[in-house]
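Asker: need a structure here:
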Amino acid sequence: MIDTLLSVFRISFKAIFANKMRAALTSLGIVIGVAAVITMLAVGSGTQQNMAERFSRFGTNTLYLRQPWDLDESISSPKDVTMDDVRAIRRLPGVTSAAPYISSGFSVKYGITSTSISVLATDTDIFKTYDWELASGREFTEREVAEYAQVAVLGETVAQTIFNDVDPIGKTVIFDGIPFKVIGVMKKNGQGGWGFDMDEGTLIPYTTGKVKMNTGWTRSDRRALDQVIIRVKDFNHIDETKNAISNAVRNTHRIHPLGKDDFQLDDFASFVEEAKAASKTMGLLLAVIGAVSLLVGGIGVMNIMLVSVTERTREIGIRMAIGATSADIRLQFLAESVTLSCIGGLIGVALGVGVTLFVASHSQDIPARLSWWSILLSFGFSAATGIFFGFYPAYKASKLTPIDALRYE
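Answerer: From the prediction side, this is the model:
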């Protein structure tokens, strides 16, 4: 049996390489399809992993309180989110921390060096809310917040840009004409909150920002906050904590029991799940696009095998005349189809892996992550394509009678 199969595939290789150009053009669709499936699955997987890493910095037990961007017009006198809300939230048993959050862009200067940065005005709870770590120095204290101290904790990139290799602790930087003493530098942490990048930003007490820095903030009201970042104690009871926070803020804003909320409380955990689902859908869509390429390649294989059956009709008649059965003929043409598809599949795997590695090493905007299952799936799909689209030509060849085949011109 093994010798028979080896003989069949040996003949298949001879038949394929007898028409090298035709075989190459036929397998091109398979090559492109397999490479597309591998590359697109890698991009989809890399995007999911990248998204998961980004979201892990926020934490699934984090909530965001803010005024809605599309506030209901039926709310006649909406109230801003203020420190009154922060204090009410901090009293709740299910809350670990609640940090005020006001961010804006400022120019910072030290000596002759200046650059533009994002400044986050907040208080000491921000260090409890996010798992940010200091590389050097210290955090600002509650007393410094209460006394409107002009102190700053720099992000890692900001410190490197402004001070280069000089130790920034104790130095004075100028934010839009106002001096601030550098008391700490963060380790590389990444984003926190909606779009604030700690590495390229700076923390200052919110009291200082609201009272002493009148330009740059998004709201003119000195009591208003952009949002409040809340960390809950137990993720498993996050819904109960959300309800408690909503009730506390409604009381602070003195909203009638039947009135609509003038605030929005975002559950980052549900947002993460929605984003992951969207990412999976995108990955599946990319794989389907690649599968369509394989389908087109398979149709090409079937067409060329039908042509091959027509060209080799007399050969089929001679084989049948000397004893070959219909099963032998069917196996022969099916083997040629599978061999052609597998050769294209192997080339496609090499091309897909090469493209993926190139993308991963040369592009930070397009994450790509290779996986063995995607390679095996793509190659298996190419082999299945050869079987599926090669069956009809093989079946057609096996149904020829020796006399009709030998008479064929």
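Asker: okay, now the unreliable bits of the stretch 251-400 of the chain?
Answerer: Applying pLDDT under 70 to the stretch 251-400 of the chain flags residues 268-276, 279, 283, 286-287, 290, 311-312, 316, 363-367, 400.
Asker: and the strands in it, which stretches?
Answerer: Assigned by DSSP state E, counting those that start in this stretch, the stretch 251-400 of the chain shows strands spanning 264-267.
Asker: can you list the buried residues in the strand ranked longest in the chain?
Answerer: When the chain is parsed with DSSP state E, its longest strand is strand 95-110. Buried residues in strand 95-110, counted by 16 or more other Cβ atoms under 10 Å: 95-104, 106, 108, 110. For every residue, glycine as well, the C-beta is placed using N, CA and C.
Asker: again with stretch 354-364
Answerer: 355, 356, 359, 360.
Asker: can you give me the domain assignment for this structure?
Answerer: 2-54+273-407, 95-232 (automatic domain parsing).
Asker: list just the one of the ones you listed that sits closest to residue 70.
Answerer: domain 95-232 (15.4 Å; Cβ to Cβ).
Asker: let me see the mean pLDDT of that closest one.
Answerer: The average pLDDT within domain 95-232 is 85.
Asker: quick one: the helices in the stretch 301-409 of the chain?
Answerer: 313-321, 326-362, 372-398, 402-407 (DSSP state H, counting those that start in this stretch).
Asker: figure out which of those is closest to residue 44.
Answerer: helix 372-398 (9.2 Å).
Asker: and the closest one, what's buried?
Answerer: Neighbour-count burial for helix 372-398 [16+ other Cβ under 10 Å]: 374-375, 377-379, 381-382, 385-386, 388-391, 393-394, 396-398.
Asker: give me phi/psi at residue 27?
Answerer: Torsion angles at residue 27 (phi, psi; degrees, to the nearest 10) stand at phi -80, psi -10.
Asker: distance check, it against residue 341.
Answerer: Distance, residue 27 to residue 341, using Cβ to Cβ, to the nearest Å: 7 Å.
Asker: next one: the one residue sitting closest to the centre of the chain from residue 374, what distance?
Answerer: By Cα atoms, centre = their mean, the mean C-alpha position of the chain lies nearest to residue 47, the distance being 2.5 Å. Note on residue 47: its distance to residue 374, by Cβ to Cβ, is 14 Å.
Asker: sorry, back to before: what touches both of residue 27 and residue 341?
Answerer: With Cβ atoms under 8 Å, 6 or more residues apart in numbering applied, the overlap between the contact sets of residue 27 and residue 341 consists of 297, 301.
Asker: which of the two has more neighbours?
Answerer: Just comparing residue 27 and residue 341: by other Cβ atoms under 10 Å the higher neighbour count belongs to residue 341, 32 against 28.
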